[in-house]
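return a 3D structure for these sequence lines:
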Amino acid sequence: MSEENDHVTMFPMPQPIRPTTPRGTWVMLTVIAILVLWSVWSVLLPTVRAVPQGGTPQEMLAKGQYQEAIARLETTVSRTPLQREAAALLLEARLETGDYRRALEQGQEWLKTAADAGIAERTAEAAYWVGEYDRATALIEPYSSLRADWLKGTLAATRGQKEAARTAFDRVVTQGTRRALTPEEKGIVAAALVELGRFKEANDLYRDATRGAPENSRLKSDWGLLMLEKHNPGDAEGLFREALEANPNETRALVGLAAQAAGRFESKTPEPLTKALAVNPNLAEARLLVAQIHLEAEDYKAAGEQLDAALKVNPQLADAWALRAVEQYLQGNPAAEQETIPRILRQNPAYGKVYAELGDFLVIRRQYGKAVEFYRRAVETDPDLADARSDLGINLFRLGEEAEARRTLEEAYKLDPYNVWTVNTLRLMDSFVRFDAFETPKFRGKLHQKESVLLRPYVEELLETALGNQIGRYHYAPPQKVVFEMYPDHEDFAVRTLGLPGLGALGASFGPVVAMDSPSARPPGAFHWGSTLWHELAHVITLGITDNRVPRWFTEGLSTYEENTARPGWGDQLGPEIIGPLKQRGLIPMEKLNGVFVRPEYPAQIGFAYFQSGLICEFIAERFGFPKILMMLASYKKGTDDAAAIREALGLSLTDFDAQFRAYAREKTYGFAEAVNLEWANPEKSLEEVRAEIAKNPNNFFGRLRLAADLEKQSQLDEAIAQAQAAKKLFPPYTDDGDPYRFLAGIYEKQGQKDKAAAELLEWRTQKGRDPETFQKLATLLQELGRTPEAIRTLEESLQISMYDLETHQRLGEWYMGSNNARAAAREYQAVLSLDPPDKAEAHYRLATAYRAMADNEKARRQVLAALEIAPGFRPAQRLLLELSGR
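Predicted structure coming up:
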């Protein structure tokens with residue numbers, strides 16, 4: 001958050017359990033809940049000492065040597081009479097490796113001969129993991145140990161019996177206050193405190209427990225899971241790694257690390273999950289996490305296989321059925337709401353998480369309105385779901401429902417003051433007192449007070465122009481005014497758009513609400529704010545026209561297409577960062593394109609997906625006509641998939657479409673991949689090496705640029721020009737440092753050929769050059785050539801990348817006045833004043849002259865008086881005042 005937001009005290013940052021970072025998804029929280037449950041049940045290990053070399057079985061278990069422990073313990077328990085501690089430890093080892101059925105069978109056999117708490121607890125746990133909850137309850141009912149009461153609470157919660165669960169967890173805590181506890185017993189009490197919402201006490205107790213047993217991997221894992229649940233992944237990871245040092249097969253820590261990786265939206269299954277499943281193939285939380293990853297990538301077949309595997313082990317697992325409901329719903333299968341959700345609620349009437357899961361996946365798909373409906377149902381079903389309530393508030397905020405959003409977030413804060421997203425969003429809302437509101441015919445907007453005077457006229461004009469343009473072309477108008485917000489602090493913008501995978505870093509559209517960085521959030525030249533604004537407003541159209549059913553690739557593709565075609569020089573540059581993946585990896589198949597926006601295979605793939613999606617939309621518009629794009633949007637509104645939409649609109653199968661687009665892409669980028677070899681951008685290459693390379697490969701773009709630069713240094717200008725012109729043809733989109741356009745312009749200017757220099761820089765601008773100084777140079781050249789209208793357009797365009805440049809506004813004001821455009825001049829002189837110029841008297845006077853030319857004498861008089869108040873002896877202002885006074 002920005003420094004100014006530090007003053008907001010209504011919702012101060014909570015004192016975190018440890019430093020805070022973003023939360024993960026609901027599936028991650030579900031995984032944490034299962035892991036804690038499992039860890040508590042397995043934390044109390046009996047000690048069996050009479051075991052041969054290699055350590056005791058208990059020591060083997062602590063080190064993750066599960067199969068070795070099982071082999072030794074099977075020998076021990078085969079003797080008579082039964083060694084109860086060894087039997088309990090054998091059941092523990094079977095649970096660790098997922099052999100739940102064998103553990104249940106053995107435990108029940110042993111309990112027939114003698115009642116034993118340790119055996120009964122582990123047998124009940126085995127019954128739980130295979131979904132035999134009634135049997136688990138009967139097995140544990142006679143016992144009242146810490147572990148037994150914990151299990152009773154968990155079984156009650158599984159059935160939605162919240163009061164019974166709370167009572168059982170209270171008993172655990174009460175027992176813990178009556179006697180001295182071992183570190184392992186402290187872990188059980190800490191877990192009960194977590195279930196009761198007493199997170200600070202739980203944290204303190206985990207810290208105390210791990211001090212008493214620093215090598216206990218389970219306690220470290222449990223503490224890490226609490227950190228992860230309370231949005232502290234940095235310290236959680238440290239604890240998981242400490243746990244794995246003690247026990248490399250500690251599946252709780254492995255899945256905890258995997259949950260963190262899943263929250264980063266990486267495409268591949270995290271390696272720790274693979275290892276965890278090797279230790280325990282029946283590990284439910286691992287299966288659920290893999291299923292989540294596949295669902296987010298829209299690989300429903302793979303997700304279904306993981307859910308089938310989890311449900312085969314435990315047919316009653318509500319968390320797996322919840323993801324099954326997601327899998328069905330996302331594919332348009334009515335069984336999700338007609339069969340699966342009712343099945344879950346019959347077992348557990350308080351299981352609101354199923355609705356929260358659906359809400360989370362719909363947010364990923366940008367279906368915010370429907371997500372809000374599901375979040376409402378989640379908190380109605382279980383009012384204690386703090387994260388779901390927070391998500392409800394955040395998504396209401398995304399839909400522009402600020403009053404209800406605030407109320408909901410305040411409720412979420414009361415339930416969980418450690419949720420940093422709840423807190424940060426409330427603090428952002430509090431900061432709106434420092435924003436100025438404005439309205440236009442189509443928008444309700446907010447600009448920060450420190451820059452609203454400068455930005456408002458430019459923003460208002462572009463908003464109306466951009467949306468009006470797209471309304472006319474798409475034949476769709478938003479049903480209400482669009483909310484538009486600009487943030488001078490990128491961290492505030494990040495809070496506004498939190499938790500959305502794959503979002504561009506500059507702007508975001510939720511449909512009826514658009515948020516973006518203001519021009520001041522980025523260095524000059526790093527950000528074309530007008531292009532970003534146009535891009536985000538295209539989302540308003542495409543999301544709205546399809547009821548938010550448009551796939552991510554198509555809405556991003558159309559937004560990219562729209563900004564590329566809005567005005568010359570707008571849109572993102574086609575640079576080496578795109579050509580590299582194109583050259584090395586090729587195009588993304590259509591069937592995988594949408595999933596890339598959620599779980600890319602490599603960090604730069606999202607940027608490439610934007611480029612490819614935009615090129616696809618260009619291909620459709622160019623080869624089939626823009627009306628076909630409207631037909632595809634209509635298809636998506638009906639809920640069709642890509643294959644059906646393309647078949648209906650274009651008459652092509654997905655395979656044929658892929659083939660035709662690939663041919664088009666090759667045509668559009670022909671030679672770029674061959675020409676762009678970054679190795680030859682290396683300045684250490686000798687001139688002889690460069691010449692030899694070009695002789696062998698004349699299409700080497702960077703090689704020709706390097707040769708041109710060396711020739712220019714040797715004053716061989718004609719040959720330097722020839723090499724630069726050749727380079728320009730090889731890769732026209734290149735406008736970064738050392739580009740051929742500015743290189744040629746520099747030579748032409750030295751030769752006195754200003755017209756040629758200007759032509760090169762105009763082409764550089766059209767190819768999306770972004771350097772503010774080059775814009776100034778081009779404007780100067782054009783003005784010197786008597787091409788003032790073009791010079792003005794150049795400076796106007798420079799404001800899109802360098803809004804805060806005082807000289808640009810001053811020059812524009814002067815040139816507008818010279819062109820008899822006093823209204824535009826007044827806007828520029830007002831901008832000069834808002835930038836706190838060193839000569840304010842002069843700025844007021846200039847603004848007065850513009851108002852005078854507009855025949856607005858009252859405003860002119862106010863500005864003249866302001867100038868004279870600063871500089872009473874300012875003669876031009878004195879004369880203007882006399883003129884205004886009719887003297």
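
just give me how far the longest helix along the chain sits from the chain centre.
Using DSSP state H to define each element, the chain has its longest helix at helix 452-474. Averaging C-alpha positions (CA atoms, centre = their mean, to the nearest Å) puts helix 452-474 27 Å from its chain's average.

what does stretch 623-631 give?
31 Å.

got the contact list for it?
473-475, 558, 617, 620-621, 648-650, 660, 664 (CB atoms under 8 Å, 6 or more residues apart in numbering). C-beta here means a position set from N, CA and C on the backbone, and glycine is covered the same way.

out of these, who has the most neighbours?
Within the contacts of stretch 623-631, most neighbours by other CB atoms under 10 Å means L558, with 27 neighbours.

can you name the residues that contact that one?
538, 542, 617, 629.

quick one: the strands in the chain?
With DSSP state E as the criterion, the chain has strands at 435-439, 443-448, 482-487, 507-509, 513-517.

closest one to V279 among those?
strand 507-509 (40.5 Å; CB to CB).

sheet partners, orientation included, of the closest one?
Sheet partners assigned to strand 507-509 using DSSP bridges are listed as strand 513-517 (antiparallel).

contacts for the strand it pairs with?
For strand 513-517, the surrounding residues in contact (CB under 8 Å, 6+ apart) are 398-400, 482-488, 490, 493, 496-497, 506-509, 527, 529, 532-533, 536-537, 539-540.

from the chain's centroid, how far away is it?
The answer for strand 513-517 is 15 Å, by CA atoms, centre = their mean.

same question, stretch 211-223
33 Å.

hmm, who's touching that stretch?
For stretch 211-223, the surrounding residues in contact (CB under 8 Å, 6+ apart) are 35-36, 39-40, 42-43, 62, 64, 182-184, 186-187, 190-191, 203, 206-207, 209-210, 239-240, 242-244, 246-247, 250, 252-253, 256.

ditto for stretch 86-100
By CB under 8 Å, 6+ apart, stretch 86-100 touches 38, 41-42, 45-46, 48, 57-58, 61, 66-67, 69-70, 73-74, 76-77, 102-103, 106-107, 110, 116, 118-119, 121-123, 125-126, 129-130, 251, 279-283, 313.

report the buried members of the residues you listed.
Buried by 16 or more other CB atoms under 10 Å: 38, 41-42, 45-46, 48, 57-58, 61, 66, 69-70, 73, 76-77, 102-103, 106-107, 110, 116, 118-119, 121-123, 125-126, 129-130, 251, 279-280, 282-283, 313, out of the contacts of stretch 86-100.

let's see stretch 829-845 as PDB, backbone CA atoms only.
Provided in PDB are the C-alpha atoms of stretch 829-845 (Å, rounded to 0.1, in the frame of the first residue of the first chain):
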ATOM      1  CA  TYR A 829      -1.900  25.600 -19.600                       C
ATOM      2  CA  GLN A 830      -4.200  24.300 -16.900                       C
ATOM      3  CA  ALA A 831      -2.000  21.100 -17.000                       C
ATOM      4  CA  VAL A 832       1.100  23.300 -16.600                       C
ATOM      5  CA  LEU A 833      -0.400  24.900 -13.500                       C
ATOM      6  CA  SER A 834      -1.200  21.500 -12.000                       C
ATOM      7  CA  LEU A 835       2.400  20.400 -12.400                       C
ATOM      8  CA  ASP A 836       3.600  23.200 -10.100                       C
ATOM      9  CA  PRO A 837       5.800  25.100 -12.700                       C
ATOM     10  CA  PRO A 838       8.700  27.200 -11.500                       C
ATOM     11  CA  ASP A 839       7.100  30.400 -13.000                       C
ATOM     12  CA  LYS A 840       3.500  30.200 -11.800                       C
ATOM     13  CA  ALA A 841       2.900  33.800 -12.700                       C
ATOM     14  CA  GLU A 842       3.700  33.100 -16.300                       C
ATOM     15  CA  ALA A 843       1.500  29.900 -16.300                       C
ATOM     16  CA  HIS A 844      -1.500  31.900 -14.900                       C
ATOM     17  CA  TYR A 845      -0.900  34.500 -17.600                       C
END
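
quick check: buried residues in it?
829-835, 837, 840-845.

ok, which pair from the residues you listed is furthest apart?
A831 and A841 (16.9 Å).

and the nearest residue to A824 once chain neighbours are set aside, how far from E109?
Spatial nearest neighbour of A824, chain neighbours left out: Y816 (4.4 Å); criterion: CB to CB, 6 or more residues apart in numbering. According to CB to CB, to the nearest Å, Y816 and E109 sit 94 Å apart.

these two: who's more crowded?
Taking other CB under 10 Å, Y816 and E109 do not tie; Y816 has more neighbours (24 against 13).

least trustworthy helix or strand in the protein by mean pLDDT?
Ranked by mean pLDDT, DSSP states H and E, the helix or strand of the chain with the weakest confidence is helix 26-41, at a mean of 55.

buried stuff in stretch 476-491?
Neighbour-count burial for stretch 476-491, counted by 16+ other CB under 10 Å, picks out 476-478, 482-490.

ok, A335 to Q328 distance?
Counting by CB to CB, the gap from A335 to Q328 is 5 Å.

related to what we said a few turns ago, how about CSV for the buried residues of stretch 829-845, with distance to P733 added?
Listed next are the buried residues of stretch 829-845 as CSV, based on distance: CB to CB, whole Å:
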residue, distance to P733
Y829, 37
Q830, 36
A831, 32
V832, 35
L833, 38
S834, 35
L835, 33
P837, 37
K840, 43
A841, 46
E842, 42
A843, 39
H844, 44
Y845, 44
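
between the residues you listed, which is nearest V372?
Nearest member of the buried residues of stretch 829-845 to V372, counting by CB to CB, is S834, at 38.4 Å.

in stretch 563-579, what counts as buried?
563-564, 566, 569-576, 578-579.

quick check: mean pLDDT of stretch 837-849?
Stretch 837-849 shows a mean pLDDT of 97.

now stretch 200-219: how far from the chain's centre is it?
33 Å.

ignore the last one, stretch 181-194
Offset of stretch 181-194 from its chain centre (CA atoms, centre = their mean): 36 Å.

now stretch 186-198
With CA atoms, centre = their mean as the basis, stretch 186-198 stands 32 Å off its chain's centre.

do stretch 858-875 as well
With CA atoms, centre = their mean, you get 51 Å for stretch 858-875.

contacts for that stretch, please.
With contact meaning CB under 8 Å, 6+ apart, stretch 858-875 is reached by 840-842, 844-845, 847-849, 851-852, 877-878, 880-881, 884.

ranking the strands of the chain by mean pLDDT, which is last?
Here the strands of the chain differ in mean pLDDT, and the lowest is strand 507-509 at a mean of 90.

circling back: what's the PyMOL line that selects buried ones from the contacts of L558?
Those of those that count as buried under 16+ other CB under 10 Å are selected in PyMOL with:
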select buried, resi 538+542+617+629
